[in-house]
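Visitor: Mind folding the following:
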Amino acid sequence: MRAAIIAMMILLLPAALFAGPTMGVYFTFTPTQMHYNPMPFEQFNGYLYVHNTACYLNAVEYALAIPEGVILMSYTLPVGALELGSPLAGHSVAIWPPMDGWNPGYNLVNTFLFMALNSCPATGGTLHDALVKVLPHPDTGLIQGSCWPENYLFPYTGLTSIICPEVYGVQDTNWGAIKSLF
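Guide: Sure thing, here's the model as predicted:
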């Protein structure tokens, strides 16, 4: 029994080690949905959240890449934030008061207002698998945050969101039919 518990801990250790801080654009106010299907000329929000910060966050640095056919209309930072640059050219944001990274485990860093110039193929448009990426800041080459009061820097992993994700159909079949395909 003890060997089984030790083996389980060893197997779960890599997952715990690689679950580091992430930064991504979500399309719901609670960070759950990373895909969206807009109509032509629809304005919609994207929310830049950071996860697993595990400190009092007082600054972030990133850049945002949006696809052709989508326009960044405006953005809103938290109250008390100071900024250098812009989201598309490289954005450095200082936040005061610092955000609690433990409770609830994520923080809203920026709210974007996008507009889609086209729609998804399901509604007659040509916008499909359009990626919204969080990229490294061009000046530092990093996606990073700062923890208060020590002001030490740590890296984030940038996530990718999808506008008009490609839909793949599935069919009910048996395992023999699947194996016969290969």
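
Visitor: What strand or helix carries the residue positioned nearest the centre of the chain?
Guide: The centroid of the chain falls nearest to residue 24 when counting by Cα atoms, centre = their mean (1.3 Å). Here residue 24 is covered by strand 22-26, with elements defined by DSSP states H and E.

Visitor: what are the pairing partners of that strand, and which direction each?
Guide: strand 43-51 (antiparallel), strand 157-158 (parallel) (DSSP bridges).

Visitor: circling back to that earlier point, next one: the residue nearest to the centre of the chain relative to residue 119, how far apart?
Guide: 23 Å (Cβ to Cβ, to the nearest Å). Placement of C-beta: from N, CA and C, glycine included.

Visitor: Ok, residue 131 next?
Guide: 17 Å.

Visitor: Ignoring the adjacent residues along the chain, who's closest to residue 31?
Guide: Closest residue in space to residue 31, ignoring its immediate chain neighbours: residue 49 at 4.2 Å, by Cβ to Cβ, 6 or more residues apart in numbering.

Visitor: partners of the one you found in the sheet?
Guide: Here residue 49, judged by DSSP bridges, has bridge partners residue 24, residue 108.

Visitor: My understanding was that it contacts residue 29; is that so?
Guide: No - at 9.8 Å, residue 49 and residue 29 do not qualify as touching, with contact defined as Cβ atoms under 8 Å.

Visitor: any idea how far residue 46 lies from residue 68?
Guide: Counting by Cβ to Cβ - residue 46 and residue 68 are separated by 16 Å.

Visitor: same question, residue 56
Guide: Distance from residue 56 to residue 68, by Cβ to Cβ: 38 Å.
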